[in-house]
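Novice: Next come a sequence and a model predicted from it.
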Amino acid sequence: MLRRRRPFCTGAYLILLCMRPQGADGELVLLRLTVSQQVTSSGDALCTRLDTTISCTVRPGQMVTDDIRAEVVPPQIIVLSAVGTLPPSALITPSNPVAGVSPVSMTLAYTATDRDVGRTFQIDFLATAGEFVASARLTVTVQMPRPTNTPTPTWTVLPTQRPTTTPTRTPSSTPTPTPTPFSRLGCCQFGAGSCASPVDSGVCAELGGTFFAGLECDLETGQCAQPRTPSPTITPTQTVVRTHTATRTATATRTSTATHTRTRTATRTSTGTPTRTSTRTPTPTPIVEFGCCQHGVASCASPASRGLCEELGGTFVPGAECDVGTGRCVPLATPTRSATATATATATATGTVTPTHTPTATPELGCCETGGAECFAPVTGAECREQGGVFFPGWNCDRSTGRCVERPTPTPTATQTPTTTNTATGTPTLTATGTPTQTATETGTATNTPSATPTPTATRTATSTRTRTPTPAPIRLDLDIFRLDGTEMRDDEGGNPDDEENIGSMNCVNADNDDKSVDFDIDEPEVAGEDDLVRMVARRPVGSLAGHVELKIIRGANKVKVWATPTKRVLVVLPAVYSVADLPREFWIEGIEGSAQQRDVVFELSPVNFEGVPDRVALTVIQFAQMAWIGQRNSLNNDNALDADPHVPGWAGARRVFPDARSTTEAARDRVTLSVKLTVEPVENLDVFLRAFDIDDPAAHDPHVDPNDDGSSGTYPNTSIGYTADEDNRGRVGGKASGLITGQDADDIARLTFPAGSKEKTTEFQVTKQPGDNFRIAAACDRDFVLDFRNRDQRDQEKIVDRNNEKEIPDSGKRVTPVLTVWRRLHVERDSMRAFSSLNWWNTPNENTVTGRVTAVRVTGAVCAPGLKVTELTIDQRLDQANQYINGSIFVEGAGGFLNLPVLANSQGAPPNFVSVCGTPAGRLPARFRLHDDDDDSILPRVPDTGWMQDSDAAGDNLFAPAYIRPIYDGGGNSRNDENNIALDVNTLDAEVPGQIGNGKNATGTNDFWVSYIQSAFQGEPDGDWDPGTPDPVRDARAVLGVTLLDGSILYQETITDIARHPRAVANGASRPAIERATAVHEVGHQLSADHPDGAIMDRGWPTRVAIPRRFSNASENRIRSTRRPGGGTL
């Protein structure tokens, strides 16, 4: 069959990078990315409009040389990554920069079909020109309607100010260089005479340079070198160097204010004229503030100065760096901050300074939250940041909630009293290391007594009060998730347990059809009336109206789709960044693949450019894993392991059940266990819904066996059993042809509740008891969907479909049971008449022999053989049947012994009787005689040969197998019932049949326990026993091989032997064993309601008119499958 090719759209994006040659120092460099689009379509494709967005980042830095044309690295475009199904087919055409415009272009091709509507593709670029770097992200969202061939807008990256070639240096007043706040800055060497600074190591690596930390670029030589340090001016004055370290002792309570008292005493001895001048002149070193510049949501640059960032229209984030992986500014680890104070004093003094104590400062401790309801304390801020956590200074960890909590604030006091004596000349320098804000008040008092040998005494008391600014608690983000019924999961606000993450929400794989359309919901981009999506809300954080947040899936992205509306329609591609001002925002989560473990789908809402605590929620997606049948001691072997149904090997996993009772006193075993398994344990109680179906009979369409395959309704022939287009089972349970699930309602739907934490649940199902009835049970999480399930035999066969689109329901192998078919056991009791008595000539003749005396002899004129004439003998014995002894023999005593004469005829009744023979006896009268039939007296006892109704599934060995019946030879429930000494009757008359069956039959069956009785007898009515080898013409030339009354049958073994000798039977290939086996099947067929008009093995014409048909007709099969029990007739 030819299939129509899916329409598609094709197109290309052309990215062009243009640069303008450099001019004088300080002139701006123009770096432009131009994106254009061309679209073509094929056929009547539902072509798409491709929306594009570009975000760009410029990283600042010093130009390497005065003229970009001398740059050794040519401009280039680099594809960093491509996400989605639009792999870039890049053609990069580099060109050498010249004095004019130097374009570098790249073409990216794509192909999109109507399946891609709503899908988003993303390509990241990096464009470089010298050390100007621009990054761009091309986002393509496939939407409707048809595209236009208009190019997309042109995005221009604003230029970066080119620094002057001669930097202005401010000489420091201290001989030691002051480190910048960012120790990662340095110089990047590109070649023998090309360098740039200040840059960080990441930018240098991206530009292909060699990074030298702490150095700067010497623009005169083009080499990275140590920073130039101007010579300070030093006034030879007295210098006192004070070095002190404060030691803090943390207690269990957070300290926000600390008071330190320092007392220092110095004694100086001077000779001469003292100078009473003490002057402290601080000379600060200018420090340029660096940080990160945020351009839009996902574009940033660092290191950047505040002025440059504002010049480029960005948002300056001090003390941060750009994360190139996310395009966002992130905090740096806090470095050691240094403060330098310079004091100058003019004096001539000689003294001694003696240190007595050096206190030590320790890092501040607190609590660290790492997400996932986990925290730990005490910990330093640096350690917390190394773990990717959020630091709460001075807080404790509440391990019951996994959250950091505040604690009471004590006020520790430290007192230090160092005493020093020293003689020094120089500039006093005070260096303090620490993080808190320090406010110092120093009061100095000097007293000098001028004399020839003055001895001044100076006492200085310094008091330092350190006030720590409390760190504000980070903003907690709030991501809420709801149950499928719309109730909100309890979160951790207000001290509640975090059910959103510890328990999580739950939904099922969206494999239903809420809008009753031609496709199932999981395959549709928009569904009216969709009710299987879980609601999730990203709420606006309290106390924050600025900044951005990012929503992402940190685990289980392949198991869900996220939509913007409850009817799907707009697919949300995560991760996605949203402005805080746009919150709250709703999302709707669709399950597309079952979870392997609870809560293996996790969403996180995290801050982008502000300090905050992320919030997470979890979801478990439920999917059916297996629907299976388990027996209840009603398998073929009477255990719970139901075996495969041999009739339908092509139906995967099909099973059969034997719902019979196992004795006449036991109830039917007509219930099985249905096991329903899920892929994962539900996190809360879960209801699923079940519905049972009577599926199509696997037989071909036939008016007797499978009449509804033409879509009709009616009644099975020769029964009162009705059928419809959807149901053809013959049995009923509570009036239901589809069986009965425990607890099913008026709509035939049963609710099965899975407790939280259990992924397997069982229930009971009751089957009918008619052989060949079959069933399936289907399940769904949505009751309304179950109501739309259908099995119409003509169209659906064994499948369960959605009546709205007539498609087999999704995941049928997991949410629909295999086919379960009813089979029945037939318990057979077999008996035999006893053997004939031993023949002892005259004294004890057997039951098939007559002895007496010949009283008269008359020779007729008829010739019976050459030289022999017909002779009529008169005997003194009663004969029961006329011509019974034809082809038998009579022994008559004579002068020379006994003469054996063949019998030609005989009369019947009371004596005297006449026996016609061929030949004439000689001797005196009366003479003794012995008259014997031609039958085989040794044939009894004989167990009926049931070789064509064995305990087998093979139709050749068991002609009842196509009717779903397996005989079992257990004496009808008790093996001691089988006998071989039933009273002998040489000819069982029709009127004697009930009594003869009753003589041997011990077991009587029921509707739940089927029993069949078979007895081997000698022969039937004389006119039907095929004696004397040909039938009596008066009785329509018939031979009676067997007879059945209700649930009991008799096989006439001598007649079977006689007819096996018939020339036409021999010609038809009918051996004696075949005739006996066929007779047994035929008679048991009568017990199960089959009849002669049905034909096949129930026909009366074999073996003399036709060969034996080794099968039942469809008409007989219908009767057998419709029977109540052997001898009970049809339903």
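Specialist: Thanks, I have the structure now.

Novice: how about the strands of the stretch 601-750 of the chain, start to end?
Specialist: 601-607, 612-613, 615-622, 624-630, 655-657, 671-678, 686-694, 714-715, 722-723, 740-741, 749-754 (DSSP state E, counting those that start in this stretch).

Novice: Out of those strands, the one nearest Thr851 is which?
Specialist: Comparison of the strands of the stretch 601-750 of the chain against Thr851 by Cβ to Cβ identifies strand 655-657 as nearest, at 59.6 Å. The way it works is simple: take the backbone N, C-alpha and C, and place the C-beta from them, glycine included.

Novice: so what secondary structure elements neighbour the closest one?
Specialist: strand 820-822 (3 or more Cβ pairs under 8 Å, 6 or more residues apart in numbering; DSSP states H and E).

Novice: tell me the strands in the stretch 901-1050 of the chain, going along the chain?
Specialist: So, for the stretch 901-1050 of the chain - with DSSP E, counting those that start in this stretch - the strands run 913-918, 927-932, 965-968, 1010-1017, 1042-1045, 1048-1052.

Novice: Reformat those strands as TSV; add mean neighbour count, distance to Gln1087 and mean pLDDT.
Specialist: Output for the strands of the stretch 901-1050 of the chain, formatted as TSV (neighbours: other Cβ atoms under 10 Å; distance: least, Cβ to Cβ, whole Å; pLDDT from 0 to 100):
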stretch	mean neighbour count	distance to Gln1087	mean pLDDT
strand 913-918	21	40	95
strand 927-932	21	36	91
strand 965-968	20	11	98
strand 1010-1017	28	6	98
strand 1042-1045	21	6	97
strand 1048-1052	26	7	98
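
Novice: Could you export those to a markdown table, including columns for distance to Asn883?
Specialist: Formatted as a markdown table, these follow (distance: least, Cβ to Cβ, whole Å):
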| stretch | distance to Asn883 |
| --- | --- |
| strand 913-918 | 10 |
| strand 927-932 | 13 |
| strand 965-968 | 39 |
| strand 1010-1017 | 21 |
| strand 1042-1045 | 22 |
| strand 1048-1052 | 18 |
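
Novice: among the ones you listed, which is nearest Ala746?
Specialist: strand 1010-1017 (33.6 Å).

Novice: and the longest strand for this protein?
Specialist: strand 849-865 (DSSP state E).

Novice: Just want the angle from that strand to strand 927-932.
Specialist: 90 degrees (axes from the mean of the first three to the mean of the last three Cα atoms, to 10 degrees).

Novice: Strand 849-865 pairs with which strands?
Specialist: Paired strands of strand 849-865, with direction, are strand 868-875 (antiparallel), strand 927-932 (antiparallel) (DSSP bridges).

Novice: can you put these in a markdown table and add distance to Gln744?
Specialist: Shown next, in a markdown table, are those (distance: least, Cβ to Cβ, whole Å):
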| stretch | distance to Gln744 |
| --- | --- |
| strand 868-875 | 78 |
| strand 927-932 | 71 |
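
Novice: Nearest to Ser400, out of those?
Specialist: Ser400 lies closest to strand 927-932 among the strands paired with strand 849-865, at 106.4 Å (Cβ to Cβ).

Novice: what comes into contact with the closest one?
Specialist: 841-842, 845, 848-854, 873, 875, 877, 885, 888-894, 903, 906, 915, 921 (Cβ atoms under 8 Å, 6 or more residues apart in numbering).

Novice: repeat that for 10 Å
Specialist: 839, 841-842, 845-846, 848-855, 857, 873, 875-877, 879, 884-885, 888-895, 898-901, 903, 906, 913, 915, 917, 921 (Cβ atoms under 10 Å, 6 or more residues apart in numbering).

Novice: where in the stretch 951-1100 of the chain is pLDDT low?
Specialist: Low-confidence segments of the stretch 951-1100 of the chain (pLDDT under 70): 1027-1038.

Novice: and what of the stretch 351-500 of the chain?
Specialist: For the stretch 351-500 of the chain, the ranges with pLDDT under 70 are 351-364, 371-373, 407-473, 492-497.

Novice: mean pLDDT for the strands of the stretch 601-750 of the chain: which is lowest?
Specialist: Ranked by mean pLDDT, the strands of the stretch 601-750 of the chain bottom out at strand 612-613, which scores a mean of 90.

Novice: And it, what does it pack against?
Specialist: Judged by 3 or more Cβ pairs under 10 Å, 6 or more residues apart in numbering; DSSP states H and E, strand 612-613 is in contact with strand 390-393, strand 475-476, strand 601-607.

Novice: Of those strands, which is nearest Pro771?
Specialist: Closest to Pro771 of the helices and strands packed on strand 612-613 is strand 601-607 (Cβ to Cβ; 48.2 Å).

Novice: Could you check the angle the closest one makes with strand 615-622?
Specialist: 160 degrees.

Novice: Export strand 601-607 to PDB, keeping only CA atoms.
Specialist: The C-alpha trace of strand 601-607 is given here as PDB (Å, rounded to 0.1, in the frame of the first residue of the first chain):
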ATOM      1  CA  VAL A 601      10.300  13.400  38.500                       C
ATOM      2  CA  VAL A 602      11.600  16.500  40.400                       C
ATOM      3  CA  PHE A 603      11.000  20.200  39.400                       C
ATOM      4  CA  GLU A 604      13.100  23.000  40.900                       C
ATOM      5  CA  LEU A 605      12.400  26.800  41.000                       C
ATOM      6  CA  SER A 606      15.600  28.600  41.700                       C
ATOM      7  CA  PRO A 607      16.700  32.300  41.800                       C
END
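
Novice: Helices along the stretch 401-550 of the chain, start to end?
Specialist: For the stretch 401-550 of the chain, applying DSSP state H, counting those that start in this stretch gives helices covering 499-502.

Novice: Many thanks, have a good one.
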